[in-house]
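Undergrad: A structural model of the following input is requested.
(chains A and B)
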Amino acid sequence: MFVACDLAIASTIHVGGKYPIRKIQEAISMAKPNDSILVEKGVYKEGNLLIDKKVYMIGIGKPILDGQKKYEVVSIKADSVVFDGFTVEHSGIATLDDPGGIKVYNGRGVIVQNNTLEDNFFGIYIQYGKNCIVRNNHVRAYGVEEQQIGNGIHCWKSDSMQIIGNTISGHRDGIYFEFVTNSVIWRNISTKNIRYGLHFMFSNNDSYITNVLKNNGAGVAVMFSKKVSMLNNFFEDNWGDAAYGILLKEISDGYIIGNHFSRNTAALYLEGASRLVVQKNTFEGNGWAMKVQASCMDNTFEDNNFIHNTFDASTNGSLVLNTFNHNYWDKYEGYDLNKDGIGDIPFHPLSLFSVLVEKNPPTMLLFRSFMVTLLDKSERMLPSLTPDNFKDPQPRMHPLKL
Amino acid sequence: MFKITKIVLLDILKSKFVLFYTLLLFVMSWSVFNLEDNYAKGILSLLNLILLTIPLVSIMFSTSYLYNSSEFVELLLGQPLKRSRIWISFYAGLSLALTLAFLVGTGIPVLIYAFSTVGIMMIVIGVLITIVFISLAMLCSILTRDKAKGIGLSIVLWLFFALLFDGIVLFLLFQLSDYPIEKMMIGVSALNPIDLSRILILLHLDQSALMGYSGAIFKDFFGTTSGMIVSLSALCAWAIAPFLISLKRFNKKDL
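TA: Residues are numbered from 1 along each chain as shown, chains lettered A, B, ... in the order given. So this is what the prediction gives:
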């Protein structure tokens, strides 16, 4: 009965050149909860636009909201606001209050979708959000230095967020999660960001699925989080002196399944990671496929393909508390007498040189020298310096079809 | 002078060995570029092959050629010719012949498949390495009269530069690992023409990102124009110095 009443009194307000109301802020102050505000095509320079009641903001033909490099462009301070189809550009830059193109304060069920964000300090910034949806937005900035630019989609102290189908480039971190729980990041494309494509801190029970994370300054970092699932993502071309496909630090109980790691300096870096399941991933053409530090334990690496990597693995100690099984290694030179597809002798993925380099980085001076190749070959046959339990007892003879 | 160079050059080119060497290089380069899917990888694989075979062939072939033509040298010494001219002509003839073999064998595939700065640098370095090891061969052959000893010495030199030197570097790196030795290692690497060439090429490929912090220091030096000039001149010094010593000895030697 109440719902029906609500709907009955909801009205539509038009904003634009040919309507009596020319300012969006004016329309918002006139509106009652549940009203729709349709904004016609045009350029609106209204400073900060404050949405403080539950309204449906619909842009027709992508109207432009310009922050003139001074203001936070859109501030949403109400629940269940829908913000759809705008172009938001040129927000102010300030490191104290972090102005965003679109910033959501304490919102529940806010939906931000189909917007284009250009050249903002932060793109979409959500703090204390719950059940919010950020969908199909194009977020682009032209940052040069880390300090001069914020993150593309930034969520802080939020819960049950859905970040779906966004394209982000040129920000500091493409997508940034801090204290965000029970959320999903699905089908986003995050490229050419200055630091990380995706960055998790203290965020538990999240999943990111089928995202493309390409060409970011330092790849992807997931730190201090529990129960994060990383499924079917593409980590590509994160190439540079300190770039990683994924950098995992203090992570536990996560799943890394079905991802593709191609052409990264170090595809998977694990430090203090425990109880992870790394399964059915493809590691191709990376400098290091895995850097598993000795501080990691109880991780399982199963059914992965390792193809054309300069080093398949490296570690910094002699302690190995992880298991490797049924992976395909293109460097495996064993045989399979009973033809069951599983090699009869174990494979040692650690090359002597990768261990030496980990102990003493300047040794890289001898990278690709003849002597190193010779040492590696002899070490493979008779492991003496590398930990002998860092091995795959049942390597596959043929790559898995992934 | 040019006449002797020409005689030496034609004599070498006529021998089946150089033809075989050219063919070997050609097949190697061709197959490497066909096997690898991008040219940077091809260059990388080729680099290892080149830094192994070229020094070996250059030093061995030149040493044995010089011993084999000792009678011809003696004959020439009977003519009214300056001693240094004869020796320089041999150096020039050998260098020209083997450089030609390298340019045809590896230069052409590199230019076809990897026409880039790195490709061109690879060719320049290949030529320099060839000449460096010919110059070392001239020194070997003048140090001793005995052919077996001379060839033995040349093999030892090759082994030293291709393998043992890296072992010593590795040993040093671990002994001195508590000190900031990256900059010193740049100097040490200049003591081995093979290492110098390898690092020069590697730092111009993407692969240098794998070299991390120390790579960044090497890149700071080798990646700059001045670093390039310094290291290329170090290679040139390697090509000239052993030859000059051998020339001095040749001038005084009682043959």
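Undergrad: for the helix or strand harbouring residue B:170, packing partners?
TA: Following DSSP states H and E, one finds residue B:170 within helix B:165-175. Under the contact definition 3 or more C-beta pairs under 8 Å, 6 or more residues apart in numbering or on different chains; DSSP states H and E, helix B:165-175 sits against helix A:370-381, helix B:182-189, helix B:193-202. In this view, the C-beta of every residue, glycine as well, is placed from N, C-alpha and C.
Undergrad: Counting neighbours, which bits of stretch A:357-377 end up buried?
TA: A:357-358, A:360-372, A:375-376 (16 or more other C-beta atoms under 10 Å in any protein chain shown).
Undergrad: Give me the distance between the two termini of stretch A:185-194.
TA: End-to-end distance for stretch A:185-194: 20 Å, by C-alpha to C-alpha, to the nearest Å.
Undergrad: hmm, who's touching that stretch?
TA: Identification of contacts with stretch A:185-194 by C-beta atoms under 8 Å, 6 or more residues apart in numbering or on different chains yields A:143-146, A:149, A:152, A:162-175, A:177, A:197-198, A:206-217.
Undergrad: hmm, 7 Å instead?
TA: Here stretch A:185-194 makes contact (C-beta atoms under 7 Å, 6 or more residues apart in numbering or on different chains) with A:143, A:146, A:149, A:152, A:163-175, A:197-198, A:208-217.
Undergrad: Return a selection command, for use in ChimeraX, containing the buried ones of those.
TA: Here is the ChimeraX command that picks out the buried ones among the contacts of stretch A:185-194, judged by 16+ other C-beta under 10 Å:
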select /A:143,149,152,163,164,165,166,167,168,169,170,171,172,173,174,175,197,198,208,209,211,212,213,214,215,216,217
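Undergrad: quick one: low-confidence ranges for chain A?
TA: Low-confidence segments of chain A (pLDDT under 70): A:1-8.
Undergrad: What parts of it come near chain B?
TA: A:239-241, A:265, A:287, A:310, A:360-371 (C-beta under 7 Å from any C-beta of the partner chain).
Undergrad: Do you have the helices of the stretch 251-400 of chain A handy? List them.
TA: A:352-359, A:370-381 (DSSP state H, counting those that start in this stretch).
Undergrad: What's the end-to-end length of stretch B:98-107?
TA: First residue to last in stretch B:98-107 (C-alpha to C-alpha) measures 12 Å.
Undergrad: Could you tell me which residues within it count as buried?
TA: Buried residues in stretch B:98-107, counted by 16+ other C-beta under 10 Å: B:98-103, B:105-107.
Undergrad: can you check stretch B:220-231 too?
TA: For stretch B:220-231, by 16+ other C-beta under 10 Å, it's B:221-222, B:227-228, B:231.
Undergrad: which pair in these spans the largest distance?
TA: B:221 and B:228 (9.4 Å; C-beta to C-beta).
Undergrad: ok so, going back, if we only consider the buried residues of stretch B:98-107, which is nearest to chain A?
TA: residue B:106 (17.6 Å; C-beta to the nearest C-beta).
Undergrad: Among the buried residues of stretch B:98-107, name the ones in strands.
TA: In strands, judged by DSSP state E, none of the buried residues of stretch B:98-107 are found.
Undergrad: would you list these in CSV and tack on distance to chain A?
TA: Formatted as CSV, the buried residues of stretch B:98-107 follow (distance: C-beta to the nearest C-beta, whole Å):
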residue, distance to chain A
B:98, 21
B:99, 23
B:100, 26
B:101, 22
B:102, 19
B:103, 24
B:105, 20
B:106, 18
B:107, 22
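Undergrad: so of these, which ones are in helices?
TA: B:98-102 (DSSP state H).
Undergrad: Tell me the one among those nearest to residue B:178.
TA: For these, the nearest to residue B:178 is residue B:102 (42.3 Å; C-beta to C-beta).
Undergrad: How about the contacts made by the closest one?
TA: Per C-beta under 7 Å, 6+ apart, neighbours of residue B:102: B:25, B:54, B:126-127, B:130.
Undergrad: pLDDT and neighbour count for those residues - can I get that in JSON lines?
TA: Formatted as JSON lines, the contacts of residue B:102 follow (pLDDT from 0 to 100; neighbours: other C-beta atoms under 10 Å in any protein chain shown):
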{"residue": "B:25", "pLDDT": "94", "neighbour count": "26"}
{"residue": "B:54", "pLDDT": "94", "neighbour count": "26"}
{"residue": "B:126", "pLDDT": "94", "neighbour count": "25"}
{"residue": "B:127", "pLDDT": "95", "neighbour count": "21"}
{"residue": "B:130", "pLDDT": "96", "neighbour count": "27"}
